[in-house]
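> Sequence isn't available, so here's the structure alone:
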C-alpha cells in the first residue's frame, strides 16, 4: 500500500495512468476525505511560503535596527481605532512590524525545526540500523543510552546542552552561534526515538530472505544496510519525523521563550512571544498574541499532517 | 521478586552514579570553578589558596570521590551567581516545585484516564471525536503559550486569579506550603492547569490507544460472549489490562512534569527549582545546574522504581516468574 | 426438538467501494443434544456464521437479511441489552485459543463466578460452589485450589477445559465452538472433543462445532455442513458425507480423511484457492477448481437441493450424476 513499484513508466500515457492511479488510490482518497488534513497541508504550505518569501512579501526589515523608528512603536492592529493600515498586525516596543517579524520568525523556527530533525535522523538512523543489524554489545550500549535519554524530556537535555555551550563559548561568540547551538541541542536531544524505530524495523528486515540472499552474494554489511535495509525502514521513520518537526519547533520556541534560544537580534516565534509577554499586562496584547497564534497554527498543522500520515501508513499505531 | 527489586535498585544506583559523573565533569571542566567563584580583583595567591582549600589541586579521582561524598550529603558547593550554598537554595525552592507538580499530576491523571476511557469506549461518539481533536490541539500548544493565554484570560481580562507567585504560604518546619491558604490555592490553579495540560493529553491518548488495542483481544470478545455487563467488561477486564503500559507512560509523564515545571515556573514567576535552574543556565551557574540535574535524575529513578513495584501489584504473571 | 434454526442468513461487510458478501443464503437447523460440524477453508464464512448468532460480528460486518431463531424465538435483531441476556446464558461460546480467551490478570474462580453472577441470582457462596462443581465436571483436578489460580499457571488443555466450564456454567441450550482444538497439542485435542461431546450429551445442549479439521468432525459431529466461499455446498449426516460425498468440493475435502489432529493433510487434494470475497466467479463459486465444470456451472449458481432417499442436501448442478462419477 505504501509504494507500488512501477514496472513500466515512460510513455506519456503510462504517466497519466499512474497519476490517475495515485489520485484514485486509497492514500489520496483518505487525504481528500479528511478536510482537516487538507486544511493543515494548506496552512503548512502558507507558512513555508511566508518564510521563504518573507523579503518579497514585506518591505519591513525587522532584524535591521537601523530601519526601525521608535516613533512607530506600540501601534495596535489595523482594526483598532489607533491602528495604522501600513502595520496590519501592529508594531512592538521597538517599532517592528509584527506581521513582518512573524514572517521572519517563522523562517527561523522552520529552519531550526527542520535542521534539528535532520540532525536527529543523521544520528538516530545509522545508530538504529547498526545496532539492529549487528546486535550484541553495540546494540546494548546504543539502546541503553537511548533508554536513559528517553526517560529525560528532550527539552531538559536541550537546556543542559545549551547551558554548557553557553558557558564554553564566550558571550559574543554565543550570540552568533545561537542557531547552530540550538539545532545541535535539539538534534542531540531527540535522536533516540528514531534509533528505536529504525532498530526494530531493521530487526524485522534482517531475517528476511532477500537479506540472506545478499549475504550469500557476499555483499559487504554496509552495502546491505544502506542498499537493502535503509529503504525498507525509512518510511515509518519519516512519518515520525513529521511529528518530530512539530516537537522541534515547540522546543525551539520554548527555549527562545526561556531566553536561552535565539537572541532578540534575530528573533524566532518564541523570542517574539517572550518580547511580547512583557507587555501583556500593559494592554499591548497583540505583540505576544499574534506570534502565539502563528506558532500554534504552524505546530497544529504539522501535527495534523503527521497524525494523518501515521494513521494512513501505519494503522496499527492508531 | 526481592531479587528483581535489588537488581533495579542497583541499576538505579548505576544511573545516579553516571549522572553524578556528568555533573562532576560539568563542574570541573566547564569553565574554571575558581575564576567563577571569586571576584575580578582577587589575587592569584588568594585563588590558589581557595583552590587548595576546596581540594581542587588534588588528583581528579579524589576530587570525584569528594564530589560524590558531598552529593550524598546534599552538598553541591556554592552558587556562583548568588554566592550561597546550593543546598540552601534548593531546600528553599523544593516545596514550591513539588506542590506544583503534585497538583498537576492529580489533574493530569484524573482527566487523562477518564478522558481516555471515555474516548476508548465510545470511540465514534461526537464527544469522543471532540475530545480527541482537542487533545491534538493540546499537544500542539506549547506550555508557555498556554500559560500566557491563561494569564491573559483569567488574570488580565477577568481578574479572577493571580498571575504570579505562590500566594500566602505557611511554614511547617522547613517546608513552606501554599496548600493551606485560600490565596495559595488560587495562585496554584493557573500554573498547575498549564503544567497538567500537555501531560493530560498524552495520558489520554495512551489510555485510549490501549483501550482500543485491548478491546480487540480474544479475552474481551470472550467476556462479551459470556454475557458480562459492559461495566464489568470495560473496568474489570479491559482497563485492568491497559494498566501496565499506562503506568509506564504515566510514570514517565509525572517525571516530565518536574522538567516542564521549568517553563511553567518562568511564565508564572513561581518561586521553585525550575526558575532557579533557568537562571543558572542563563548565568552559567554550574553548581546549581549540577545539583538540579542530580535531583531531577533522582526523581526519575524513584518514579521508575515505584512503577516497577506497581507492575507487580497489577500483573500476576510477573509475580510468579520473579517469585520462582 | 430444534434448538437453533437459521434461515437464509446473509452477512455483509459494507465497505467504501463495494459491499462484500461474506455469508450468503445459509439455512440450517440444530436439534437438542446434536452436534453440527461446520467445515470449510478459512474465509469460507463459518466463523462469521457462529459470531452472528451472539451478535459479535466485528463492524462493519452485519446480518443483512435472514433469520436466526433460538427455540423458536427470533434473535436476529435484538438490542445489545437483550443479546447480553442470551450470551452465556442461552448460547455459550468457545473460542479457538484458550491461551488468549482467558483474562490473564484475573483468577479462574473470579472469571467463573462473574459469569454466573451475570446471569443467575446466586449467593456468593453458591456461586463459588457451582464454579468448583463446574471445574470438577470438566475434569480439572483439585478444583478448590485451581479457583485461585491465574490462567498462566495452567496448561493449554487445562485452560481450554476452563473455557468449556465458562461456556457451560449457566446450562446454555446451544454452544458455538469455534475451532476449539486448533491451538492445542495433538494429544490433548481428542480429550477436549470427548469432554465437549460428553457434557453436551448430558445436558442436552446443541453444539455448532466450527472447524477446518475433518478429523475433529469425523470424531465428534452428528451432522456436517460444508461451506465454500460463503455458501453451503453440502449438508447431511456425518457418515454419509464422510464416506459418500456428493458435491465435488466435499469429495476433494474427503480425499484423504486424516486421523484426528494430523493437520498436514487437511484440505489437500484440491488445486487452486478459494476466491476472494470481492472476486467471486459467476455461476458456481467452485467451478474454477472443479474438474467437471461445464458451461452451466460457469453461468448459473446451483441451489442447495435435497438428495432423493437421504437426509442430505447438496448444491451442485450434477447432484444426480455425482454419485457415479
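Now that the structure is in, tell me what you want to look at. Here the structure is a predicted model, which means the values were calculated and not measured.
> which residues touch the residue of the stretch 151-300 of chain C found nearest chain A?
Closest to chain A within the stretch 151-300 of chain C is residue C:278: 14.1 Å, counting by C-beta to the nearest C-beta. Every residue, glycine included, has its C-beta placed from N, CA and C. Residues counted as contacts of residue C:278 (C-beta atoms under 8 Å, 6 or more residues apart in numbering or on different chains) are C:18, C:20.
> Please tell me how far it sits from residue A:273.
Going from residue C:278 to residue A:273 by C-beta to C-beta, to the nearest Å gives 54 Å.
> Likewise for residue C:315?
Distance, residue C:315 to residue A:273, using C-beta to C-beta: 73 Å.
> So between those two, which is more surrounded?
residue A:273 (28 against 24; other C-beta atoms under 10 Å in any protein chain shown).
> Was I right to think that one contacts residue A:254?
No: the pair residue A:273 / residue A:254 is not scored as a contact, 9.8 Å apart, by C-beta atoms under 8 Å.
> Can you work out which residues contact both of the two?
By C-beta under 8 Å, 6+ apart, the residues touching both residue A:273 and residue A:254 are residue B:144.
> dump the residue contacts of the residue positioned nearest the centre of chain A.
For chain A, residue A:245 is the residue whose C-alpha lies nearest the centre (C-alpha atoms, centre = their mean; 2.3 Å). By C-beta under 8 Å, 6+ apart, the contact list for residue A:245 reads A:113, A:114, A:117, A:302, A:306.
> which one's the longest helix in the chain?
You didn't pick a chain, so chain A it is. Counting residues, the longest helix in chain A under DSSP state H turns out to be helix A:98-134.
> The intended chain is chain C.
Counting by DSSP H, the longest helix found in chain C is helix C:186-203.
> In terms of secondary structure, what does it contact?
helix C:156-168, strand C:174-178, strand C:206-210, helix C:214-220 (3 or more C-beta pairs under 8 Å, 6 or more residues apart in numbering or on different chains; DSSP states H and E).
> Check the residue of the stretch 51-200 of chain B found nearest chain C and give its pLDDT.
The nearest approach of the stretch 51-200 of chain B to chain C comes at residue B:124, 9.2 Å away (C-beta to the nearest C-beta). Looking at residue B:124, its pLDDT is 80.
> And it, its phi and psi?
phi -100, psi 0 (degrees, to the nearest 10).
> For the longest helix of chain A, name the packing helices and strands.
Helices and strands touching helix A:98-134, by 3+ C-beta pairs under 8 Å, 6+ apart, are helix A:35-52, helix A:54-57, helix A:136-151, helix A:178-189, helix A:191-206, helix A:230-258, helix A:269-277, helix A:286-313.
> what's the most buried one of these?
Neighbour counts (mean count of other C-beta atoms under 10 Å in any protein chain shown) averaged over each of these peak at helix A:269-277, with a mean of 27.
> now check that one, is it near chain B?
Yes: using C-beta under 8 Å from any C-beta of the partner chain, we find that helix A:269-277 touches chain B at A:273, A:277.
> pLDDT averaged over that helix - what is it?
On average, the pLDDT along helix A:269-277 is 84.
> What of stretch B:2-15?
Averaging pLDDT along stretch B:2-15 gives 81.
> picking up where we left off before, residues contacting the longest helix of chain C, please?
C:33, C:35, C:94, C:137-139, C:156-157, C:160-161, C:164, C:168, C:171, C:175, C:177, C:180-181, C:184, C:205-207, C:209, C:216, C:219-220, C:260-262.
> Could you turn the buried ones of those into a ChimeraX selection?
Buried members of these, defined by 16 or more other C-beta atoms under 10 Å in any protein chain shown, are picked up in ChimeraX with:
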select /C:33,35,94,137,138,139,157,160,161,164,168,175,177,180,181,184,205,206,207,209,216,219,220,260,261
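> who's sitting farthest from the centroid in the chain?
All of this is about chain A. Relative to the chain centroid, chain A (C-alpha atoms, centre = their mean) has residue A:216 farthest, 40.4 Å.
> Hmm, no, I was thinking of chain B.
Chain B, farthest from centre, C-alpha atoms, centre = their mean: residue B:45 at 43.7 Å.
> give me the number of residues near residue B:97?
26.
> wait, it sits on residue B:259?
No: counting by C-beta under 8 Å, residue B:97 stays clear of residue B:259, with 10.6 Å between them.
> Now do the same contact list for residue C:103.
Applying C-beta under 8 Å, 6+ apart, we find residue C:103 in contact with B:219, B:223, B:237, B:240, B:241, C:111, C:151.
> run the last query once more with 7 Å
B:219, B:237, C:111 (C-beta atoms under 7 Å, 6 or more residues apart in numbering or on different chains).
> Quick check: it is in a helix.
No: under DSSP: H, G, I helix; E, B strand; the rest coil, residue C:103 sits outside any helix and is assigned coil.
> what's the spacing between it and chain A?
23 Å (C-beta to the nearest C-beta, to the nearest Å).
> Quick check: phi and psi at that residue.
phi -70, psi 120.
> how far away is it from residue C:115?
11 Å.
> Could you do residue B:64 as well?
For residue B:64 relative to residue C:115 (C-beta to C-beta), the value is 62 Å.
> now swap in residue B:250 and tell me
Residue B:250 sits 31 Å away from residue C:115, going by C-beta to C-beta.
> Just want to know which of the two has more residues nearby.
Per other C-beta under 10 Å, whichever of residue B:250 and residue C:115 has more neighbours is residue C:115, with 28 against 24.
> who touches the more buried one in this structure?
For residue C:115, the contact set (C-beta under 7 Å, 6+ apart) comprises B:226, B:228, C:88, C:166, C:169.
> Ok, residue A:225 next?
A:129, A:133.
> ok so it is a helix residue?
Yes: remark: residue A:225 belongs to a helix, assigned using three-state DSSP.
> how close does it get to residue A:109?
Separation of residue A:225 from residue A:109 (C-beta to C-beta) stands at 34 Å.
> pLDDT value on the closest residue to residue C:178 other than its chain neighbours, please?
Excluding its sequence neighbours, the residue lying closest to residue C:178 (C-beta to C-beta, 6 or more residues apart in numbering or on different chains) is residue C:210, at 4.6 Å. Predicted confidence (pLDDT) for residue C:210: 91.
> how many other residues sit next to residue C:210?
If you count neighbours by other C-beta under 10 Å, residue C:210 ends up with 26.
> I'd guessed it sits against residue C:38; true?
Yes: in this structure, residue C:210 is within contact of residue C:38 by C-beta atoms under 7 Å, at 4.8 Å.
> who touches both of the two?
residue C:46.
> list the contacts for residue 192?
Going with chain A. A:124, A:146, A:149, A:150.
> meant chain B, my bad for not saying
Residue B:192 neighbours (C-beta under 7 Å, 6+ apart): B:100, B:103, B:104, B:107.
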